[in-house]
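Quick one, what's the 3D model for this:
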Amino acid sequence: PTSNNGVYNVNFENGKYVKNVTDQGYYLDGCPTTGDLNVLVIPVEFSDRTASSLGYDLNKLELIFNGETGTTDYFSVSEYYNISSYGQLNLNFDILDEWFMPENNMSYYKNLTMDYYGSEINCGDQAIMDEALKYLEGKIDLSQYDSDNNNIIDAVVLVNTVEIDKDSDFNWAYRYWNLYTDDEGYYYEYDGVSANDYLWASYQFIMETYDEEGNVEYDKNVLNPYTFIHEFGHVLGADDYYDTAYI
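Down below sits the predicted model:
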C-alpha cells in the first residue's frame with residue numbers, strides 16, 4: 001500500500017488469469033466519463049416492502065453517493081470516480097428526497113416480462129423506471145440529467161428495497177440498458193429526454209459486511225459503498241475484469 005489515501009499499487013503482470021478487456025461490450029448512449037454531471041438517483045419502495053418498515057434512511061444514501069472522506073467505510077461513489085479520473089469526472093448524485101412507490105407490489109414487477117425478439121425477458125425494473133420518470137415529469141426538469149445533450153438521460157440509479165438474493169436478477173445489482181419501449185419501438189420520453197442506461201441495486205448492499213468466517217451479514221451501522229462503486233463503473237462503460245464466463 002501507498003500512503004496516498006489507501007490506494008494500492010498493483011503489478012498486474014503477476015496475475016495468473018487475465019481477462020482481455022480491450023474489446024468492450026455493446027455500450028450506447030451511456031454516461032460520459034469526464035465533466036461535471038448530475039446523476040438522477042431514484043429510491044424505490046414497494047407497498048409490501050416499505051423503506052420505513054425496514055428502517056432505510058435516505059441520508060445514508062447521500063453519504064454513500066456524495067459523502068466526503070471518512071463518512072463511509074471507503075470512498076463515496078462520487079469521491080472514488082473523482083480520484084480515479086484524476087479530477088476529470090465530477091459526479092453529483094441528485095437523490096430524490098422521497099421514496100417512489102410504483103403502482104403495483106414487488107411480486108408483480110419481479111414477474112413482469114415482455115417479448116423481446118421472440119424471447120420473454122424480465123422488464124419489471126424498467127417498467128418501474130418509466131413509472132418514476134412519468135411521475136417526476138413536471139416536478140423536476142429531467143433534461144438537466146442529459147449533460148451531453150443527446151436527448152438521453154446520462155444515467156438513472158434505482159435504489160430499491162428488495163431483499164438481496166443472488167439467484168434472482170431482480171434481487172441483485174446490475175447495470176443494464178432500457179428495452180422498455182412503446183408499441184412503435186421508441187423509448188418513452190419525459191421532459192424531452194428518455195432513459196437508457198440505468199443501475200438497479202438493493203439498498204441492503206450498503207449494509208453488507210462479513211463475520212469472522214467470511215459469511216455475509218447485514219448491519220444497519222455499516223456504510224458499504226463497494227457494490228454501488230462497482231456497478232457505476234459499468235454505467236461508465238467498464239467491463240468486469242474478472243472471468244464472468246467462469247470457464
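
Which residues does stretch 59-73 contact?
Contact partners of stretch 59-73, identified using CB atoms under 8 Å, 6 or more residues apart in numbering, comprise 5, 41, 43, 75-79, 92-93, 95, 157, 159, 203, 206, 222-225, 228. No exception for glycine: its C-beta is placed from N, CA and C like everyone else's.

In helices, which of these fall?
V77, S78, E79, F228 (DSSP state H).

Would you mind listing the two of these that lie farthest apart?
Maximum pairwise distance in those, criterion CB to CB, is 12.0 Å, between E79 and F228.

if you count what's nearby, which of the two comes out ahead?
F228 (24 against 21; other CB atoms under 10 Å).

Could you tell me how far that one is located from V157?
8 Å (CB to CB, to the nearest Å).

list residues touching both of those two?
F65, L199, A201.

Keep only those of these that are in strands.
Residues of the shared contacts of F228 and V157 located in strands (DSSP state E): L199, A201.

just checking, D219 touches T209?
Yes: look at D219 against T209 with CB atoms under 8 Å: they come within range, at 5.1 Å.

Please identify which of the two sits among more neighbours.
T209 (13 against 10).

could you say what helices and strands whichever strand or helix holds that one packs with?
If you go by DSSP states H and E, T209 is part of strand 208-210. In terms of contacts (3 or more CB pairs under 8 Å, 6 or more residues apart in numbering; DSSP states H and E), strand 208-210 is packed against strand 216-218.

ok, residues contacting the strand it packs on?
By CB under 8 Å, 6+ apart, strand 216-218 touches I164, Q204, M207, E208, T209, Y210, D211.

Just the closest of those to E184, please.
Among the contacts of strand 216-218, and counting by CB to CB, the member closest to E184 is I164, at 36.7 Å.

For the protein, which element, helix or strand, carries the lowest mean pLDDT?
strand 113-116 (a mean of 88; mean pLDDT, DSSP states H and E).

That one packs against which elements?
Taking 3+ CB pairs under 8 Å, 6+ apart as the contact cut, strand 113-116 packs with strand 119-122.

Would you list the strands that the strand it packs on pairs with, along with their directions?
When pairing is defined by DSSP bridges, strand 119-122 lines up against strand 113-116 (antiparallel).

now the strands for this protein?
35-44, 89-95, 113-116, 119-122, 152-153, 156-160, 174-177, 194-195, 197-202, 208-210, 216-218.

Would you tell me which helix is longest in the protein?
Max-length helix for the chain by DSSP H is helix 124-136.
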